[in-house]
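*Asks:* No letters, just coordinates:
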């Protein structure tokens with residue numbers, strides 16, 4: 001039996017730890033005075049996600065999900081642009097990918113190791129597997145819905161982040 005089978009992410013990590021990591025990195029990456037606030041907010045109808053995979057004794061992904069408009073505003077903050085500068089799709093992918101990468105790296109550091117981190121990816125979030133292998137923190141940034149999810153790998157998602165033929 002592997003660690004993945006023996007322990008779910010909820011046995012290795014709790015919402016408070018995820019929030020603590022977000023509290024540490026948010027001001028550094030998003031801006032002074034900025035915070036990810038863990039309060040329930042209705043999820044947006046349309047979402048964009050960025051994620052990184054973690055491969056090691058525990059395999060899974062760290063996923064950041066928000067509305068496209070929130071992603072653009074995050075990109076403006078992370079890239080320190082000021083209107084009327086146009087933030088394009090590549091900027092949004094870079095900024096969200098960087099946030100997912102730093103969140104993932106910090107989460108990886110509190111998990112049993114050694115582990116490796118995959119490259120950031122942007123798009124529709126990987127599907128979640130077992131419900132007991134998901135640690136989710138729903139919150140908001142500047143009043144907009146934002147979710148950080150740490151989820152176990154599904155059989156269809158290889159830890160490298162590429163789909164595996166079934």
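*Replies:* That came in fine, so what should we check first? Not measured: the values here are computed from a predicted model.

*Asks:* Please list the residues outside the strand or helix carrying residue 103 that contact it.
*Replies:* Here residue 103, judged by DSSP states H and E, is contained in helix 89-110. Residues outside helix 89-110 that contact it (C-beta atoms under 8 Å, 6 or more residues apart in numbering) are 12-13, 17-18, 21-22, 24-25, 29-30, 48-54, 56, 61-64, 68, 71-72, 74-75, 77-79, 81, 115, 117, 120-122, 148, 150. Quick note: C-beta positions are derived from backbone N, CA and C, even for glycine.

*Asks:* Buried ones among these?
*Replies:* The neighbour count (16 or more other C-beta atoms under 10 Å) marks 12-13, 17-18, 21-22, 29-30, 48-54, 56, 61-64, 71-72, 74-75, 77-78, 115, 117, 120-122, 148, 150 as buried among those.

*Asks:* show me the contacts for residue 117.
*Replies:* Contacts of residue 117 (C-beta under 8 Å, 6+ apart): 52-54, 101, 104-105, 108.

*Asks:* Now flag whichever of those residues is closest to residue 7.
*Replies:* residue 54 (13.6 Å; C-beta to C-beta).
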